[in-house]
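A.B. asks: Structure, please.
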Amino acid sequence: MKIGILRIGQVDSYIVNRIHENLQMIFPNTKCALIEEMLPIPEIAFEIAREQYRSDVILAKVQSFAAKEKGVDRVLGIVDLDLFVPNLNFVFGEAECPGRAALISLWRLRPEFYGKRANMEVFLERSTKEAVHELGHTLGLTHCTNVFCVMFFSNSIFDSDRKRSFFCNKCYLEAEVVINDLG
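C.D. replies: Predicted coordinates:
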């Protein structure tokens, strides 16, 4: 399986590179590549009343990109905007389940967002967890009931901090089947 990482709007290249490195370790039987092209932020995604961006609109752009991208099985879009979906206050990310496109937002993953001191390692760990979680959805994995599994639904940053950056045994086996089928 080959994962392409796509920047959407201005995203710190150091963060993207570190997420790339972490994904290589978590998915050792896959290839991970940074996509040189950068997608612009779709203006229609901005909801003025909420001062947030609709993740489904941005995910649709990632889906369109993934459909055209040759030699890549999955595309992970990374954006640094506050995302939401209707009926939720915010989301850390969204993905096709199953499918080829996933999206994560860095916006609410920084400790500073919660009034804490900046901590790059905490920020990178959270970013990696969300990337693995959304890529797991593209493999057909649904939310897990194991609070430590990366596929557990994060309703808050506390849920994200509690879980690990890898799959529980059950989710790992389900993911391996799909990854092996992709070659």
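
A.B. asks: Show me what whichever strand in the chain runs longest is packed up against.
C.D. replies: The strand spanning the most residues in the chain, taking DSSP state E as the definition, is strand 31-39. Other elements packing on strand 31-39 under the criterion 3 or more CB pairs under 8 Å, 6 or more residues apart in numbering; DSSP states H and E are strand 2-8, helix 13-26, helix 55-68. Yep, even glycine has a C-beta here, placed from its N, CA and C like the rest.

A.B. asks: from these, which stretch is densest packed?
C.D. replies: With neighbours defined as mean count of other CB atoms under 10 Å, the helices and strands packed on strand 31-39 peak in mean count at strand 2-8, which reaches a mean of 21.

A.B. asks: sorry, back to before: reformat the helices and strands packed on strand 31-39 as TSV; add distance to Phe46.
C.D. replies: Shown next, in TSV, are the helices and strands packed on strand 31-39 (distance: least, CB to CB, whole Å):
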stretch	distance to Phe46
strand 2-8	13
helix 13-26	22
helix 55-68	9
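
A.B. asks: Please enumerate the helices of this structure.
C.D. replies: Ranges of helices within the chain are 13-26, 55-68, 120-138, 157-162, 169-182, based on DSSP state H.

A.B. asks: Would you mind checking which of these scores lowest on average pLDDT?
C.D. replies: Mean pLDDT is lowest for helix 169-182 out of the helices of the chain, coming in at a mean of 89.

A.B. asks: still on that earlier bit, what strands line up against the longest strand of the chain, and which way round?
C.D. replies: strand 2-8 (parallel) (DSSP bridges).

A.B. asks: Minimum distance to Leu135: which of the helices and strands packed on strand 31-39 has it?
C.D. replies: Proximity to Leu135, assessed across these by CB to CB, is greatest for strand 2-8 (6.7 Å).

A.B. asks: For Ile48, give its distance to Arg54.
C.D. replies: Counting by CB to CB, to the nearest Å, the gap between Ile48 and Arg54 amounts to 12 Å.

A.B. asks: repeat for Val178
C.D. replies: Taking CB to CB, one finds Val178 at 28 Å from Arg54.

A.B. asks: Which one's more surrounded, those two?
C.D. replies: Just comparing Val178 and Arg54: by other CB atoms under 10 Å the higher neighbour count belongs to Arg54, 20 against 16.
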